[in-house]
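Colleague: What follows is a predicted structure for the sequence shown.
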Amino acid sequence: MDTLQNMRVFSRVVEAGSFTAAAQHLNTTTAYASRAVSDLEAHLRTRLLNRTTRRIALTEAGERYLQRCEQILAYVDQAEAEASDAHARPSGRLKVHAMTSFGQHYVVPAVGGYQQLYPDVQVELTLAQRMPDLLDEGYDVALALAQSLPDSGLVSQRLGSVFSITCASPAYLERKGVPQTPTDLRDHDCLRMLTPMFPTDEWMFNGPNGQETVVLGPATFQVNVAEAKAVAVREGMGIGLLPIYSAIAGLRSGELVWVLPEYTAQDMNLYAIYASRQYLDAKIRTWVEYLRDGLPATLANDQAELRKFART
């Protein structure tokens, strides 16, 4: 009996949900697939699948055995891939997830540079204001902004840090005056960012006196995307905390002014997150390496340029 091959058939039957579908995928007959599973059961002296004419279901022993089979088959596949050098050249589809505004400013340009090096990789980028479930949703890499990450069993690499600054339009400051301290913000129209990471009615600043928290009054405007908030600030609707990457274009053009330049807020780390694997697909490995080699310097350059726009 070819135990390894029978394990493959058993795993495929469970995945496909029927012997017929598994046989079609394996380019064999339904009878062969059924016999392979029966041979496994006879060898183990244990029923792995409960069968009816319409469906199959794993037994408790079958669930435990399936987990071991998948581990064994994964190791075999990895060994074969290494031996044949199949994973030496990045290729295929790379599914990436990133926060919306951060992704627009940094990830899209990074994809362009990466694909110049690895043209056989097709990148599918999703931008959304949430952290996905990598395994359930099938993403290869997620780029997350967070103060810290929970223990999830996934692999993470820190790529740098970002923070937000207090910005307003020149017209707004002419009309309402320039705040000199974080406490002065209580007398201003403060535009809010709807995010689960920070409370909307409290802004926490890091400055000369350490950490300061300002409790704000009722919000006149709230939005969940930093780019939309930047537009509202440029339109003179109020003062807003903007991530550097959303603020810097407006600072360069003069449409935005950095107020309270001695203070930063909402400091976060940037992480590349991917599934924990002993053998990493080449496209995932090279993408993470590309980000690790380039993004920290890009973030640092933007932060260094920021000092030119300080208003005292």
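Modeller: Received it, and whenever you're ready, just let me know what you need. Predicted, not measured: the structure shown is a model, and the values here were computed from it.

Colleague: For stretch 113-123, measure first residue to last.
Modeller: Here the two ends of stretch 113-123 are set 12 Å apart, with distance taken as Cα to Cα, to the nearest Å.

Colleague: now it, how far from the chain's geometric center?
Modeller: Mean-position distance between stretch 113-123 and its chain equals 19 Å (Cα atoms, centre = their mean, to the nearest Å).

Colleague: ditto for stretch 104-115
Modeller: Averaging C-alpha positions (Cα atoms, centre = their mean) puts stretch 104-115 14 Å from its chain's average.

Colleague: Numbering from 499 from now on, please.
Modeller: All set: I'll call the first residue 499, so the last point we hit is now stretch 602-613.

Colleague: Which residues does that stretch contact?
Modeller: With Cβ atoms under 8 Å, 6 or more residues apart in numbering as the contact definition, stretch 602-613 has outside contacts at 594, 596, 619, 621, 623, 625, 641, 725, 743-744, 784-785, 788-789, 792-793, 796-797. For the C-beta atoms, the positions are set from N, CA and C on the backbone; glycine is no exception.

Colleague: Poorly predicted segments of the stretch 499-648 of the chain, please.
Modeller: Of all residues in the stretch 499-648 of the chain, those with pLDDT under 70 make up the ranges 580-586.

Colleague: that older thread, taking the contacts of stretch 602-613 one by one, which sit in helices?
Modeller: Judged by DSSP state H, helices contain the following of the contacts of stretch 602-613: 725, 743-744, 784-785, 788-789, 792-793, 796-797.

Colleague: Could you save those as TSV and add columns showing distance to residue 577?
Modeller: Shown next, in TSV, are the ones in helices among the contacts of stretch 602-613 (distance: Cβ to Cβ, whole Å):
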residue	distance to residue 577
725	47
743	43
744	47
784	21
785	24
788	27
789	28
792	33
793	33
796	38
797	39
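
Colleague: would CSV of these with distance to residue 667 and pLDDT be doable?
Modeller: Putting the ones in helices among the contacts of stretch 602-613 into CSV (distance: Cβ to Cβ, whole Å; pLDDT from 0 to 100) gives the following:
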residue, distance to residue 667, pLDDT
725, 16, 87
743, 18, 89
744, 14, 90
784, 42, 92
785, 38, 94
788, 37, 95
789, 33, 95
792, 32, 92
793, 30, 92
796, 26, 91
797, 25, 90
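
Colleague: Can you lay out the residues you listed as CSV showing neighbour count and distance to residue 531?
Modeller: Listed next are those as CSV, based on neighbours: other Cβ atoms under 10 Å; distance: Cβ to Cβ, whole Å:
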residue, neighbour count, distance to residue 531
725, 15, 52
743, 21, 53
744, 27, 55
784, 18, 37
785, 24, 37
788, 16, 42
789, 23, 43
792, 16, 48
793, 18, 47
796, 17, 52
797, 18, 53
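
Colleague: Pretty sure residue 740 sits against residue 661.
Modeller: No: counting by Cβ atoms under 8 Å, no contact exists between residue 740 and residue 661, whose distance comes to 10.2 Å.

Colleague: okay, those two: which has more neighbours?
Modeller: Neighbours around residue 740 and residue 661, counted as other Cβ atoms under 10 Å, are more numerous at residue 740. The numbers are 29 against 16.

Colleague: what are the phi and psi values for that one?
Modeller: Note on residue 740: its backbone torsions stand at phi -120, psi 130 [degrees, to the nearest 10].

Colleague: Distance from stretch 754-773 to the middle of the chain?
Modeller: 17 Å.

Colleague: Show me the domain layout of the chain.
Modeller: According to the domain assignment given by automatic domain parsing, the chain is divided into the following structural domains: 501-582, 596-656+767-801, 660-765.

Colleague: just so I know, which of these lies nearest residue 588?
Modeller: Minimum separation from residue 588 across these (Cβ to Cβ) falls at domain 596-656+767-801, 4.0 Å.

Colleague: quick one, what contacts residue 762?
Modeller: By Cβ under 8 Å, 6+ apart, the contact list for residue 762 reads 661-663, 703-705.

Colleague: Tell me where the stretch 699-810 of the chain has helices.
Modeller: 724-732, 742-751, 780-804 (DSSP state H, counting those that start in this stretch).

Colleague: In CSV: the ones you listed, plus distance to residue 766.
Modeller: As requested, the helices of the stretch 699-810 of the chain are exported to CSV (distance: least, Cβ to Cβ, whole Å):
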stretch, distance to residue 766
helix 724-732, 12
helix 742-751, 11
helix 780-804, 11
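
Colleague: which stretch among those helices comes nearest residue 547?
Modeller: Between residue 547 and the helices of the stretch 699-810 of the chain, the shortest separation by Cβ to Cβ is 33.4 Å, and it involves helix 780-804.
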